[in-house]
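S.K.: show me how the following folds:
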Amino acid sequence: MEITVSHEQARVPVTVLHVKGNVTGNTYQQFEETARDAIKGGAQYVLIDMTDVGYISSAGLRSLQYLLSLLPRPPASTQDAEKKGAARPIRKSPYLKLLNPSLRVLQPLQLVGFDAFFEIYDDYRQAIDSF
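M.R.: The predicted structure is shown next:
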């Protein structure tokens with residue numbers, strides 16, 4: 001797996017993690033470490049470019065959940081929870097977003113319900129401008 005980090009300026013500074021390779025039990029630690037280092041280094045808004053990720057395993061899904069835990073939780077109102085019938089409000093993170101997940105990445109995200117927590121984009125500029 002190869003991960004490069006770049007920076008873009010939107011309304012806020014955005015850190016982009018360009019991931020190449022599968023996120024599996026053999027590579028998730030590198031993925032987590034790179035993202036954690038960026039966040040500890042001051043990144044508050046992160047876009048994960050998954051254009052070149054062919055597959056994500058359960059370890060990779062846990063890594064995404066872990067990264068969400070490192071960033072602030074989005075504010076949610078009681079009305080949001082009531083509308084969705086949820087005991088606790090669910091809001092997509094304004095701090096961590098995904099770009100171009102393949103079908104083999106998107107399907108597991110949807111299967112476990114993680115798509116409820118991430119804004120997912122297929123256009124780089126739209127993803128950056130969404131921050």
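
S.K.: low-confidence regions, the protein specifically.
M.R.: Applying pLDDT under 70 to the chain flags residues 75-90.

S.K.: please enumerate the helices of it.
M.R.: 28-40, 58-70, 78-84, 103-111, 124-129 (DSSP state H).

S.K.: how far is the shortest one from where the chain is centred?
M.R.: Between the centre of helix 124-129 and the centre of its chain there are 14 Å (C-alpha atoms, centre = their mean, to the nearest Å).

S.K.: what helices and strands are in contact with that helix?
M.R.: strand 46-52, strand 96-99 (3 or more C-beta pairs under 8 Å, 6 or more residues apart in numbering; DSSP states H and E). Quick note: C-beta positions are derived from backbone N, CA and C, even for glycine.

S.K.: can you list contacts of it?
M.R.: 8, 10, 14, 16, 47, 49, 97, 99, 119, 121 (C-beta atoms under 8 Å, 6 or more residues apart in numbering).

S.K.: which outside residues touch stretch 24-41?
M.R.: Contact partners of stretch 24-41, identified using C-beta under 8 Å, 6+ apart, comprise 1, 3, 5, 15, 17, 19, 21, 23, 46, 48, 55-57, 59-60, 62-63, 66-67, 70-71.
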